[in-house]
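Enquirer: Pasting a predicted model and its sequence here:
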Amino acid sequence: MADSDTASLELSYDYALDRDCTTLSRHVLQQLQSFGPDAQDLSALMSRIALAAKLISRRLSRAGLVEGALGFTGDINVQGEAVKKMDLFANEVFIAVFKQSGLVCRLASEEMEKPYYIPENCPIGRYTLLYDPIDGSSNVDINLNVGSIFSIRQQSGDDPDQTGADLFQPGHRQLAAGYVLYGPSTMLVYSIGTGVHAFTLDPSLGEFILSAENIQIPKHGPVYSVNEGNFWQWDEAIRDFTRYVHRHEGYTARYSGALVGDIHRILLQGGVFLYPGTLKDPEGKLRLLYESAPLAFLIEQAGGSASTGLQPLLDAIPTHLHQRTPLIIGSKEDVALVESFIQEQSLNERDRVMLNS
Ligand code: AHM
Ligand code: MG
């Protein structure tokens, strides 16, 4: 073998090895360019989330074979929704991985009415983890993709009533956010405010390995993702937007019933996801603190935008832990297009009121 061949082989080994060693915890430290205590904390938090993701992924991958993985528990959660066994399992997994971690004093999730305290962590655990353990759980029993969504915030108060009141802050305050997509492969996509990065779980290593760095969402994309079964329950503005995409070439509908998968597609290919308010639920379905805000943080970090229709989503301040909010999220130009229909409707309404007064 010529010297140049040996050198290039060594280079490609180096590259492959270096890539395989870019685990999540190492990546966080690289991003922050620091080994200081805050960087170490964030790195440790992300590796715990990765461990939760691996445990959930393992159970999902065998869900049809093991006892007690599929179906409902028979309980109704604080949202008034039937709880799936996998919701409960995944909720417990996040609690278990953060116990005795010294990292988070409190966890809050879709499945728990009040925040869950880990008193032994509280003297030193300065963070709160907000999460949706299994997002899109209607997909679990039919073996389609689901996700987990997470957000890390600084704990900024004592929270004596244990209502999580100190969390009622805009989404800009998130320190980190992301999701895990349990699809054909398991991916973890995260941001700590330094861009958006994707990791793929290599089952042979049991590690999340960096697979895409600094992801940028296209400015415009072909996908619109919305549950059109709610068409007659929407405001006229959302109906007008839908009519617009029906009448113009270049749009395609994609909706999986699992937000994380739909957002992942839009992050990579561009487009817009909407869950607007309906007659029955004027605030829509999605919860601000542990669904919409983390995804908005991530999509903005990738150069996209997110809105409630009335304000930037990251400016929205909740008044309670499980608050819902309408969500329009994705490529900048597509979100702006939806907003333009909403603005037009509110101008028309204003004119009508003025004419009648
Ligand atoms: P979940 O967290 O209880 O599963 O609910 C959230 C999910 C989202 O993943 C998805 O976009 C939406 O609910 C689907 O709702 P619908 O069936 O009303 O379209
Ligand atoms: Mg959810």
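Expert: In hand now; what should we look at? Numbering: from 1, shown residues only. Ligands and ions are numbered 1, 2, ... in the order given.
Enquirer: Tell me which residues touch whichever residue of the stretch 101-250 of the chain sits closest to ligand 2, please.
Expert: Nearest residue of the stretch 101-250 of the chain to ligand 2: D135, at 3.6 Å (Cβ to the ion). Every C-beta, even on glycine, is put in place using the N, C-alpha and C of the backbone. Contacts of D135 were listed using Cβ atoms under 8 Å, 6 or more residues apart in numbering, and they are 146-149, 179, 258-260, 291.
Enquirer: ditto for Q100
Expert: 118, 120-121.
Enquirer: before we move on, what about A296?
Expert: Here A296 is in contact with 171, 306, 313-314, 327, 329 (Cβ under 8 Å, 6+ apart).
Enquirer: on that earlier part again, most neighbours of all the contacts of Q100, which one?
Expert: When neighbours are counted by other Cβ atoms under 10 Å, N121 leads these with 20 neighbours.
Enquirer: quick one, strands of the stretch 251-357 of the chain?
Expert: Using DSSP state E, counting those that start in this stretch, the strands of the stretch 251-357 of the chain run over residues 252-253, 271-275, 305-307, 327-330.
Enquirer: okay, these, which one's buried deepest?
Expert: Of the strands of the stretch 251-357 of the chain, the one with the most neighbours on average (mean count of other Cβ atoms under 10 Å) is strand 327-330, at a mean of 30.
Enquirer: quick one: strands adjacent to it?
Expert: Looking at strand 327-330 with DSSP bridges, its partner strands are strand 271-275 (antiparallel), strand 305-307 (antiparallel).
Enquirer: Can you redo those strands as a markdown table, where the extra columns are distance to ligand 2 and mean pLDDT?
Expert: What follows is the strands paired with strand 327-330, written out as a markdown table (distance: least, Cβ to the ion, whole Å; pLDDT from 0 to 100):
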| stretch | distance to ligand 2 | mean pLDDT |
| --- | --- | --- |
| strand 271-275 | 10 | 98 |
| strand 305-307 | 16 | 98 |
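Enquirer: any chance of the ones you listed in JSON lines, plus distance to ligand 1?
Expert: JSON lines is the format used below for the strands paired with strand 327-330 (distance: least, Cβ to the nearest ligand atom, whole Å):
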{"stretch": "strand 271-275", "distance to ligand 1": "6"}
{"stretch": "strand 305-307", "distance to ligand 1": "14"}
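Enquirer: of the ones you listed, which approaches R254 most closely?
Expert: With respect to R254, and counting by Cβ to Cβ, the nearest of those is strand 271-275 at 7.7 Å.
Enquirer: who touches stretch 194-213?
Expert: 19-20, 22-24, 27, 31-32, 50, 53-54, 57, 185-191, 214-215, 267, 298, 301-302.
Enquirer: In PyMOL, select just the buried ones from these.
Expert: Of the contacts of stretch 194-213, the buried ones can be selected in PyMOL as follows, counting by 16 or more other Cβ atoms under 10 Å:
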select buried, resi 22+23+24+27+31+32+50+53+54+57+186+187+188+189+190+191+215+267+298+301+302
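Enquirer: Strands - which of the contacts of stretch 194-213 land there?
Expert: 186-191 (DSSP state E).
Enquirer: Among these, which one lies nearest to L103?
Expert: Of these, the one sitting nearest to L103 (Cβ to Cβ) turns out to be Y190, at 15.8 Å.
Enquirer: wait, what's in contact with the closest one?
Expert: 24, 46, 176-178, 196-197, 199, 298.
Enquirer: Kindly give a single PyMOL line that selects the buried subset of those residues.
Expert: In PyMOL, this line selects whichever of those come out buried by 16+ other Cβ under 10 Å:
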select buried, resi 24+46+176+177+178+196+197+199+298
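Enquirer: May I have the secondary structure class of T73?
Expert: What DSSP: H, G, I helix; E, B strand; the rest coil gives for T73 is strand.
Enquirer: That one against E81, yeah?
Expert: No - with contact defined as Cβ atoms under 8 Å, T73 does not count as touching E81 (11.5 Å).
Enquirer: in the stretch 1-150 of the chain, which spans are strands?
Expert: Using DSSP E, counting those that start in this stretch, the strands of the stretch 1-150 of the chain run over residues 72-76, 82-84, 104-109, 116-117, 127-135, 146-154.
Enquirer: any chance of these in TSV, with distance to H246 and mean pLDDT too?
Expert: Shown next, in TSV, are those (distance: least, Cβ to Cβ, whole Å; pLDDT from 0 to 100):
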stretch	distance to H246	mean pLDDT
strand 72-76	36	86
strand 82-84	33	87
strand 104-109	37	94
strand 116-117	45	92
strand 127-135	28	96
strand 146-154	28	97
